[in-house]
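1. Sequence first, then the predicted structure:
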Amino acid sequence: MSAATLQAQSLTKRFGERVALRDVSFRLESGEILAVIGPNGAGKTTLLSLLAGAASPSSGEVIAPAGERIGWVPQHTAVYSKLSVLENLRLFARLERVGDPDGAVALMLEQTGLRERAGEQLGRLSGGNRQRVNIAIGLLAQPAVALLDEPSASLDPRQRERLWRFIAARAQAGTSIVFTTHDIAEAERYAARVLVLADGELLFSGSPADLRRHGSGDIESAFVNFLRDRGH
């Protein structure tokens with residue numbers, strides 16, 4: 001087994017009387033691509049925010065190796081619409097205290113296919129291109145772990161394919177990836193392992209093939225059957 005880059009131990013998050021996440025534990029291996037799936041309100045975004053340190057758990061803990069960076073790409077990153085793509089990346093490279101900001105920005109522009117858009121004002125870009133900027137910002141510091149909240153939601157099929165080529169390359173280089181998605185087929189295609197959340201509980205952790213065994217059709221049908229069999 002490869003070294004864990006991140007571990008969640010009994011993570012619980014409460015908002016008043018509501019329990020958004022309940023006693024969730026798992027470990028993430030180096031270079032692993034992990035999908036988190038579940039119905040709306042399952043706790044997927046809450047889980048990622050806890051892993052990123054953007055929110056604090058009510059109980060439990062997140063364990064990461066000392067000195068390792070975690071990249072966090074929420075659905076709506078606080079970018080600056082009146083600045084250009086290049087200006088946004090340079091700004092966030094400084095905020096992240098990247099050792100070689102110019103080099104990191106140039107690399108992200110190349111790897112995300114944004115080099116030709118570098119001088120364009122962010123607010124004038126399509127939703128798909130803005131999402132690519134979000135992802136570039138989250139990966140500027142070459143983090144050991146990248147947390148992506150529905151990264152392909154606003155992308156067209158060609159942009160989606162380019163995005164996943166990029167993510168797969170980062171994973172092959174050793175970056176661990178955790179992403180949420182409502183597209184169960186996308187989870188099957190790109191993730192080595194899936195976590196199924198429902199009502200804040202972790203119901204399943206295993207390969208897409210293991211999840212598919214819960215139905216006789218495609219993986220989406222198996223996912224629906226799995227939830228129904230467990231009363232969700």
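-> Here it is on my side, so go on.
2. roughly how far out does the longest helix seen in the chain sit from the chain middle?
-> In the chain, taking DSSP state H as the definition, the longest helix is helix 157-172. Centroid displacement of helix 157-172 relative to its chain, using CA atoms, centre = their mean, to the nearest Å, is 13 Å.
3. now stretch 220-232
-> That offset, for stretch 220-232, works out to 23 Å (CA atoms, centre = their mean).
4. Next, the buried residues of that stretch.
-> 220, 222-224, 226-227, 232 (16 or more other CB atoms under 10 Å). To be clear about C-beta, it is placed using only N, CA and C from the backbone, and glycine gets the same treatment.
5. Now, the residues you listed that are in helices?
-> Using DSSP H, the subset of those located in helices is 220, 222-224, 226-227.
6. that older thread, from the buried residues of stretch 220-232, which single one is nearest Val19?
-> His232 (14.9 Å; CB to CB).
7. Kindly state the beta-bridge partners for the closest residue to that closest one other than its chain neighbours.
-> Nearest residue to His232, sequence neighbours excluded (CB to CB, 6 or more residues apart in numbering): Ala198, at 4.1 Å. Beta bridges link Ala198 to Glu201, judged by DSSP bridges.
8. returning to that earlier point: right, and the helix or strand after the longest helix of the chain?
-> strand 176-180 (DSSP states H and E).
9. how far is that following strand from where the chain is centred?
-> Offset of strand 176-180 from its chain centre (CA atoms, centre = their mean): 4 Å.
10. And for the residue sitting nearest the centre point of the chain, nearest residue in space, chain neighbours not counted?
-> A centroid search over the chain (CA atoms, centre = their mean) returns Leu148, at 1.9 Å, as the residue closest to the centre. What sits nearest to Leu148 in space, not counting adjacent residues and going by CB to CB, 6+ apart, is Phe179, at 4.1 Å.
11. For the one you found, which residues are in contact?
-> By CB atoms under 8 Å, 6 or more residues apart in numbering, the residues touching Phe179 are 33-36, 147-151, 167, 190-191.
12. Against which helices or strands is whichever strand or helix holds Val194 packed?
-> Using DSSP H and E, Val194 falls within strand 193-198. For strand 193-198, the packing partners by 3 or more CB pairs under 8 Å, 6 or more residues apart in numbering; DSSP states H and E come out as strand 18-29, strand 33-37, strand 201-206, helix 208-212, helix 219-229.
13. hmm, who's touching that strand?
-> Contacts for strand 193-198 (CB under 8 Å, 6+ apart): 21, 24, 26, 32-39, 42-44, 47, 187-188, 202-208, 211, 223, 226-227, 230, 232.
14. now the angle from it to strand 201-206?
-> Interaxial angle, strand 193-198 versus strand 201-206 (axes from the mean of the first three to the mean of the last three CA atoms, to 10 degrees): 160 degrees.
15. List the buried residues for strand 193-198?
-> 193-198.
16. Over to stretch 195-212?
-> In stretch 195-212, counting by 16+ other CB under 10 Å, buried: 195-205, 208, 211-212.
17. Stretch 18-32 too?
-> 19-22, 24, 26-32.
18. Reformat the buried residues of strand 193-198 into TSV and put pLDDT and distance to Glu161 next to each item.
-> Supplementary listing: those in TSV, determined by pLDDT from 0 to 100; distance: CB to CB, whole Å:
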residue	pLDDT	distance to Glu161
Arg193	96	22
Val194	97	20
Leu195	97	24
Val196	97	25
Leu197	97	27
Ala198	96	30
